[in-house]
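Enquirer: below is the structure, and that's it, no one-letter string:
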């Protein structure tokens, strides 16, 4: 089933459905779908689950114009299935005042398919009330999932390879404070975990120091150029076996900025590719473009997996 432009209703079954497809990894889609900080950006203005998100968790979703709707998580199977029941503002959840919104996620090539099915409208008073709520929520899922798609487009983007300028750029949002992201971005032990390269910097990481990254027993030099606390991390890296980055070395720069809801936007730019011979430049740039997608996704997963 392809991406649907709007939610639809099935009046016989009294349900609302919509399927969307996005070009983002399934774990990123899951995070955006279920993390209360993310939910508050596309599904109302507030999402509060004091005990955390899990099966049985109780909380609420809030809209400035409509109030706070109580909710309880009824299914929690990361990253494929999520469902919550939500009721009426100011009332405990009952069968006659609540509906069930169930989400399923599937990976299909480089796309993630997300389907929402909301049921239970036949229990909301008489038939007219149920059909009115059915239509209201059809409009709601059309608007809210459009906002979800737009948020994902900001949260996860592919690398941009510009052969004319000799640059590769990648931006990624991480739902964690900037200081925490910085700590794992620049700590050698963390780098080995999320990037997969043992990072050795005798005497510690600081501006002007040259250390090494290692892959399958081979090392290459990494000369730190900028280490500005919680703002910018930049280095020049060379080829296997060099003591210092040579004439074909590229420059890498990470910049961090705080997003609207207290997360962190990480932008990496790898430049200097015009120093690389033209015969091999395009293939190597494309390879590194895919590499930066893997690397920053690894950083995001690592930061979110640790407690602090």
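Expert: Received, thanks. This one's a predicted model, so the numbers in the text were calculated from it and none came from an experiment.
Enquirer: which elements pack onto the helix or strand containing residue 129?
Expert: Taking DSSP states H and E as the criterion, residue 129 maps to helix 127-155. Applying 3 or more C-beta pairs under 8 Å, 6 or more residues apart in numbering; DSSP states H and E, we find helix 127-155 packed against strand 8-10, strand 15-22, helix 26-34, helix 36-42, strand 111-119, strand 167-174. For the C-beta atoms, the positions are set from N, CA and C on the backbone; glycine is no exception.
Enquirer: swap the cut-off to 7 Å and go again
Expert: Packing partners of helix 127-155 (3 or more C-beta pairs under 7 Å, 6 or more residues apart in numbering; DSSP states H and E): strand 8-10, strand 15-22, helix 26-34, helix 36-42.
Enquirer: what is the mean pLDDT for the shortest one?
Expert: Here the mean pLDDT over strand 8-10 is 95, rounded to a whole number.
Enquirer: same check on stretch 40-51?
Expert: 93.
Enquirer: contacts for it?
Expert: Residues outside stretch 40-51 that contact it (C-beta atoms under 7 Å, 6 or more residues apart in numbering) are 36, 39, 57, 59-64, 68, 144, 147-148, 151, 261.
Enquirer: now do the nearest residue to residue 192 once chain neighbours are set aside: how many residues are near it, please.
Expert: Leaving out its chain neighbours, the residue that sits closest to residue 192 by C-beta to C-beta, 6 or more residues apart in numbering is residue 198, at 5.1 Å. Residue 198 sits with 14 neighbouring residues when counted by other C-beta atoms under 10 Å.
Enquirer: correct me, but residue 198 touches residue 189?
Expert: No - applying C-beta atoms under 7 Å as the test, residue 198 and residue 189 come out as separate, 9.5 Å apart.
Enquirer: assumed residue 68 was part of a helix.
Expert: No - assigned with DSSP: H, G, I helix; E, B strand; the rest coil, residue 68 falls outside any helix and is strand.
Enquirer: backbone torsions only: list them for residue 120.
Expert: phi 100, psi 10 (degrees, to the nearest 10).
Enquirer: measure it to residue 53 for me?
Expert: 21 Å (C-beta to C-beta, to the nearest Å).
Enquirer: and what of residue 206?
Expert: Taken as C-beta to C-beta, the span from residue 206 to residue 53 is 39 Å.
Enquirer: if you count surrounding residues, which of the two has more?
Expert: residue 53 (17 against 9).
Enquirer: now the helix or strand of the chain with the lowest mean pLDDT: buried residues?
Expert: Here the helix or strand of the chain ranked lowest by mean pLDDT, DSSP states H and E is helix 36-42, holding a mean of 90. Residues of helix 36-42 classed as buried by neighbour count (16 or more other C-beta atoms under 10 Å): 36, 38, 39, 40, 41, 42.
Enquirer: same question, stretch 67-77
Expert: 69, 70, 71, 72, 73.
Enquirer: how about the third one, secondary structure?
Expert: Put plainly, it is residue 71. strand.
Enquirer: give me the neighbour count for the residue lying closest to it once chain neighbours are set aside.
Expert: The spatially closest residue to residue 71, leaving aside those adjacent along the chain, is residue 86, at 4.2 Å (C-beta to C-beta, 6+ apart). Under the neighbour criterion other C-beta under 10 Å, residue 86 is assigned a count of 19.
Enquirer: CSV please, covering the buried residues of stretch 67-77 and showing pLDDT and distance to residue 233.
Expert: Output for these, formatted as CSV (pLDDT from 0 to 100; distance: C-beta to C-beta, whole Å):
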residue, pLDDT, distance to residue 233
69, 96, 42
70, 97, 44
71, 97, 40
72, 98, 42
73, 98, 38
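Enquirer: which one of those residues is nearest to residue 269?
Expert: Proximity of the buried residues of stretch 67-77 to residue 269 was ranked by C-beta to C-beta; the top entry is residue 73 with 39.6 Å.
Enquirer: return the residues in contact with the closest one.
Expert: 53, 54, 55, 56, 57, 84.
Enquirer: and the nearest residue to it once chain neighbours are set aside, how many residues sit next to it?
Expert: Distance criterion C-beta to C-beta, 6+ apart; nearest residue to residue 73, sequence neighbours excluded, is residue 57 at 4.5 Å. Other residues within reach of residue 57, judged by other C-beta under 10 Å, total 17.
Enquirer: contacts only, for residue 57.
Expert: So residue 57 contacts 49, 51, 73 (C-beta under 7 Å, 6+ apart).
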